[in-house]
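**Q** Sequence first, then the predicted structure, then my questions.
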Number of protein chains: 2
Amino acid sequence: MLKLAILGLLQERPLHGYELRRHLAALTGHVRPISDGTLYPAIKRLETAGLLIRETEPGTAAAPRHTLHLTEAGQAALLARLRAPEELDITDENRWFTVLAFLRQLGDPAEQAAVLRRRLAFLNEPASFFYDGERPLGAEEFDDPFRRGLLLIARATTQTELSWLTETIAELDEH
Amino acid sequence: MLKLAILGLLQERPLHGYELRRHLAALTGHVRPISDGTLYPAIKRLETAGLLIRETEPGTAAAPRHTLHLTEAGQAALLARLRAPEELDITDENRWFTVLAFLRQLGDPAEQAAVLRRRLAFLNEPASFFYDGERPLGAEEFDDPFRRGLLLIARATTQTELSWLTETIAELDEH
DNA sequence: GCACCATACCTCGTAGTCGAGGTATCTCGG
DNA sequence: CCGAGATACCTCGACTACGAGGTATGGTGC
């Protein structure tokens, strides 16, 4: 998830670690901050995997800055992940939203629409595991104002996403 | 986060692992499924920490079922976590929603309202890191339909939560 | 001239999470 | 009576993430 976000940001333009940290914060910051201890190891992992390279520019600022560039393998990896959120990426909200943030980079409207359609299908699936036979699991939710709140919030989010999805798919289909 | 959810569910009633798995799925299932490889180690961690004990009932079903009970330490740990989402739990959406799911178990409306107020204050904080000097980081969002979608969804979620929070706090204040 | 903050990067140990695999038994349809 | 599917539990290796710490330098305010 972080990996995808880093690749996506670097595809837009090369950045050094600190800038990357700020852009990540801008993307998901308020609700899901990313610590240094998460970011820098992730950069290193991507580097050893050959997906990005660093160019050290000494003296520009206080510390020697390492400007990070995607390699061709990195760009390929990004596109592959955007194109194929097979199981994981559409299911998990975090990952899905990260895919969405960089979906623009797929370029082709038809491909973009295909990805959106997969998410749409997933959201429309009946959530079978919510039920235990007849009665919904956790039927006591309706006595509990806090669970009611959760339901309310979840429903609003899903509703907004659903209408946005159908609208946007229609727009993409008109090329 | 998973730890909190397990403690919360077991406080409501003792369960065995498989039931726990289903209730967890009902809580967060569609958007955030939990795998066995995550659940069972988590149970074991809580057990070694002395927060829960297992009672083996052989022969009830196919495999020997281990009914899990909270210990007193477990109940104390749950209450402590619900009462004190100091930094982490209000910030991170996942953790916060988990807190919400079990907030009922705090009992006292004044305490519950206090927790909600903390979340309210957090949501009303200006998201300072969204800006880089004057211009908002990622102002190009408005050229990108996908980022627009993200903004739309995020805003709807926050709006729903905000109005629910103020409403519920008012209700709690009337005891 | 010095304290303080922002910039910029990094390591460490710990802990959480994942998916893929495995092992049983019980139940029900054919 | 056989096989499929649900119930029930578990392990393993790999990866990801976390927070708390650390090291520097440059710029601003007093």
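**A** Structure received. Residues are numbered from 1 along each chain as shown, chains lettered A, B, ... in the order given.
**Q** C-alpha only now, for contacts and for neighbours.
**A** Will do.
**Q** Can you show me the helices along chain A?
**A** With DSSP state H as the criterion, chain A has helices at A:2-12, A:17-28, A:36-48, A:72-83, A:88-91, A:93-101, A:109-124, A:145-173.
**Q** need those in CSV with mean pLDDT, distance to residue B:106 and mean neighbour count, can you?
**A** CSV is the format used below for the helices of chain A (pLDDT from 0 to 100; distance: least, CA to CA, whole Å; neighbours: other CA atoms under 10 Å in any protein chain shown):
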stretch, mean pLDDT, distance to residue B:106, mean neighbour count
helix A:2-12, 88, 35, 19
helix A:17-28, 81, 30, 19
helix A:36-48, 88, 33, 14
helix A:72-83, 87, 43, 17
helix A:88-91, 51, 32, 19
helix A:93-101, 82, 29, 20
helix A:109-124, 87, 33, 17
helix A:145-173, 91, 12, 17
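**Q** To residue B:111, which of those lies closest?
**A** Nearest to residue B:111, of all the helices of chain A, is helix A:145-173, at 13.5 Å by CA to CA.
**Q** Next one: the closest one, is it in contact with chain B?
**A** Yes: counting by CA under 8 Å from any CA of the partner chain, chain B has neighbours in helix A:145-173: A:145-147, A:149-150, A:152-154, A:156-157, A:160-161, A:164, A:168.
**Q** Just want the angle from that helix to helix A:109-124.
**A** 150 degrees (axes from the mean of the first three to the mean of the last three CA atoms, to 10 degrees).
**Q** what's helix A:145-173 packed up against?
**A** Contact partners of helix A:145-173 among helices and strands, from 3 or more CA pairs under 8 Å, 6 or more residues apart in numbering or on different chains; DSSP states H and E: helix A:109-124, helix B:93-101, helix B:145-173.
**Q** closest to residue B:37 out of these?
**A** Ranking the helices and strands packed on helix A:145-173 by proximity to residue B:37 (CA to CA) places helix B:93-101 first, at 19.4 Å.
**Q** Using JSON lines, lay out the helices of chain A together with distance to residue B:56.
**A** Converted to JSON lines, the helices of chain A look like this (distance: least, CA to CA, whole Å):
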{"stretch": "helix A:2-12", "distance to residue B:56": "41"}
{"stretch": "helix A:17-28", "distance to residue B:56": "44"}
{"stretch": "helix A:36-48", "distance to residue B:56": "40"}
{"stretch": "helix A:72-83", "distance to residue B:56": "44"}
{"stretch": "helix A:88-91", "distance to residue B:56": "35"}
{"stretch": "helix A:93-101", "distance to residue B:56": "36"}
{"stretch": "helix A:109-124", "distance to residue B:56": "38"}
{"stretch": "helix A:145-173", "distance to residue B:56": "31"}
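**Q** Of these, which is nearest residue B:45?
**A** Minimum separation from residue B:45 across those (CA to CA) falls at helix A:36-48, 23.3 Å.
**Q** residue contacts, residue A:149?
**A** Counting by CA atoms under 8 Å, 6 or more residues apart in numbering or on different chains, residue A:149 touches B:161, B:164.
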